[in-house]
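**Q** What would the 3D arrangement of this be:
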Amino acid sequence: MSGTRAKFRYSCWDFFFTFAGLPLFLLDIVLDVLAAVSFYQEKAFVYLGVLLLFLVGSSLLAQAYSWLWYSYDNFEMNTKIEKLPSRGLLRLLHVSQLGIYFRHAGVLEMAVQSLRRKKRTSRENGVGASCEHGARPDSEGLAVSLSHDLSMLRIIEAFSESAPQLTLMLTIFLQRGQLDPVTVLKAVGSASAIAFTMTTYHRSLRSFLPEKKKQKIASSAVYFSWNLLLISSRLAALALFASVLPCFIFTHFICSWLVLFFFAWRSKTDFMDGPGGEWLYRATVGLIWYFDWFNVVEGNTRNRTVLYHGYILTDISVLCGVWCWKMSTDPPEFVIQPLYALITVVCVVGVYILGLLIKVIYYKCFHPNLDKDELRGQPEDEVDFRTFRPPTEASAHCNKRMRKMAVNFYCQPASFEIHEAGDRVM
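**A** The predicted structure is shown next:
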C-alpha cells in the first residue's frame, strides 16, 4: 500500500499561529535584551554570562538546523522571498543569526497566498469565504510543509533557550525571596508558552492524519495540559535545587545529558539526512529529554516512556529532597519553614504525577494508533511501483522530516507480518 496522497489542508488556525509567530519571536528578542540589560545594570555578571550562554547557544543551534535542512533539500527555494538571496547571501543570513526569520517570512508568504486563493475559489464556487476548502494544493501543501520545519525549530528553541532561561529566572527569584503572586504568574505564563510550543508541534503532526482519524481540538487541550504540568514540575525542581546548590546544577545537567544522549544514540534515530546532522540531532534530543519527553523513534515506545518518566520522577524527588534538606540544615537568606518546604516538595512531585495521569488519559482516549501507510504524504523520491505513478503534486510538498516524526508519534509496529500464505513471522 503506498502512502496516502490526499492533499494537506492549511486552516485558518494554522494561518493564525503562523502569522502570530513572527511578532512573538521579535518580542522574545526584545525581552531577552531587556533581561540582559537588567543584569548588567545590577552588576550581576554571572547571571548575565549564563543568560548570554543560553541565548547564543540556542540561536547557533537553531541556525545550524535551518542551514542543514536547506542543504538537505538541495537549496530548493519554493517561495519568492527565499529566491531573493543567493546561496552565499543565505549562508551569511544564517551566520548573522537571521536565517530562521528569513525562513519564517517565506512561510508567511505562502500562508497569505494560500488564504487568498481559498477565498477567491470560494467566491467563484459560491460557497462563501470558507477557510477549509478550495485552495490549490501547490500553495496550501507548501505552506503546511514549510510550517512543519518552523514547528520543529520552535521546539529546539524552547528547550535550548526558554526552558533554561525560565529555570534561571526562578532560581534568582528563590534566592532573592521574591516569590510573590506576580512572579508565580510570570513563571506559569513562561511554562505555558513552552507547553504551547509543544502543542503547535502536535498540530503539525496532526496534518498527516487521514480525514477519518482527525483529532478534535480537545486532544490538543489535553496534550497542552499534561505538557504544562510535566514541564512546570521539572523546571520547579531544577530551580529549587539550583537555588541552594547553584554550582552543582551544571554538574547535574552534564551527567544527565550524557545519560540521555547515550539512550538517544542507542535508539538509532533517523531524522537527519547526514551522519553529522544525525549526531547533532541526538545531542539535541538529549537536551530536550532533560526537560520533557519527545518521541524520536518508530514503534511501541511504552517501555521507553515508562523508563524515562520513572527516571525523571526519581530525579525530581531527589532534587526536591536535597533542597528540603538544605533548607533545614543550611538555609540561605530566604528561609522557608520546614513544614512549608515539605509541602512544596510534595506539590512539585504531585504535579508531575498528575501530569502523567493526564498523559495516560490522552493516550487512552485521544491518541490514534495507525499503520505507517495510513499517514498522508510520502517522501519525494518514492514512486508507486505497482502503478508506475510518481507522487502527485499534493504529496510532492510533503515534509519528509516531519513525516518521520509523525510515524514516530502515531504508528505502532504490527504484531506480525505475513510474507507468504500461511507463513507468520513474529
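
**Q** Going along the chain, name the strands of this protein.
**A** 417-420, 423-425 (DSSP state E).

**Q** From the structure, what's the count of residues near Glu298?
**A** By other Cβ atoms under 10 Å, 18 other residues sit near Glu298. Backbone N, C-alpha and C define where each C-beta goes, glycine included.

**Q** Return the residues in contact with it.
**A** By Cβ atoms under 8 Å, 6 or more residues apart in numbering, the contact list for Glu298 reads Lys372, Lys404, Val407, Asn408, Cys411, Pro413.

**Q** The spatially most central residue of the chain and Leu51, how far apart?
**A** For the chain, Ile155 is the residue whose C-alpha lies nearest the centre (Cα atoms, centre = their mean; 2.8 Å). Note on Ile155: its distance to Leu51, by Cβ to Cβ, to the nearest Å, is 21 Å.

**Q** Just give me the neighbour total for Ser59.
**A** Count around Ser59 with other Cβ under 10 Å applied: 19.

**Q** Is it in contact with Ser96, as I believe?
**A** No - in this structure, Ser59 is not within contact of Ser96 by Cβ atoms under 8 Å, at 10.2 Å.

**Q** Glu374 - nearest residue in space that isn't next to it in sequence?
**A** Pro210 (5.9 Å; Cβ to Cβ, 6 or more residues apart in numbering).

**Q** remind me which residues of the stretch 101-250 of the chain are low pLDDT?
**A** 114-115, 118-141, 179-180, 182-183, 211-215 (pLDDT under 70).

**Q** Now do the helices in it.
**A** 137-157, 163-176, 181-206, 217-244, 248-266 (DSSP state H, counting those that start in this stretch).

**Q** how about CSV for these, with distance to Cys398 added?
**A** Formatted as CSV, the helices of the stretch 101-250 of the chain follow (distance: least, Cβ to Cβ, whole Å):
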stretch, distance to Cys398
helix 137-157, 7
helix 163-176, 30
helix 181-206, 12
helix 217-244, 22
helix 248-266, 25
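
**Q** nearest to Gly355, of the ones you listed?
**A** With Cβ to Cβ as the criterion, Gly355 lies closest to helix 217-244 of the helices of the stretch 101-250 of the chain, at 3.1 Å.

**Q** Measure how the closest one sits relative to helix 163-176, angle-wise.
**A** Using axes from the mean of the first three to the mean of the last three Cα atoms, to 10 degrees, the inter-axis angle of helix 217-244 relative to helix 163-176 is 50 degrees.

**Q** Only the buried residues of helix 217-244, if you could.
**A** When burial is assessed from 16 or more other Cβ atoms under 10 Å, helix 217-244 yields the following buried residues: 219-220, 222-244.

**Q** Stretch 77-96 now?
**A** Of the residues in stretch 77-96, Asn78, Thr79, Ile81, Glu82, Leu90, Leu93, His94 count as buried by neighbour count, 16+ other Cβ under 10 Å.

**Q** Just the ones of the residues you listed in helices?
**A** The helices, defined by DSSP state H, take in Ile81, Glu82, Leu90, Leu93, His94 from the buried residues of stretch 77-96.

**Q** so how far is Ala64 from the third one?
**A** Noted for Leu90: a distance of 14 Å to Ala64, by Cβ to Cβ.

**Q** Check the burial of Arg302 by counting its neighbours.
**A** Around Arg302 there are 10 residues (other Cβ under 10 Å).

**Q** who touches it in this structure?
**A** Per Cβ under 8 Å, 6+ apart, neighbours of Arg302: none.

**Q** Next one: it relative to Val360, how far apart?
**A** From Arg302 to Val360 the distance is 11 Å (Cβ to Cβ).

**Q** Chain neighbours aside, what residue packs nearest to the residue nearest to the centre of the chain?
**A** Ile155 sits nearest to Tyr201 (Cβ to Cβ, 6+ apart), 5.4 Å away.
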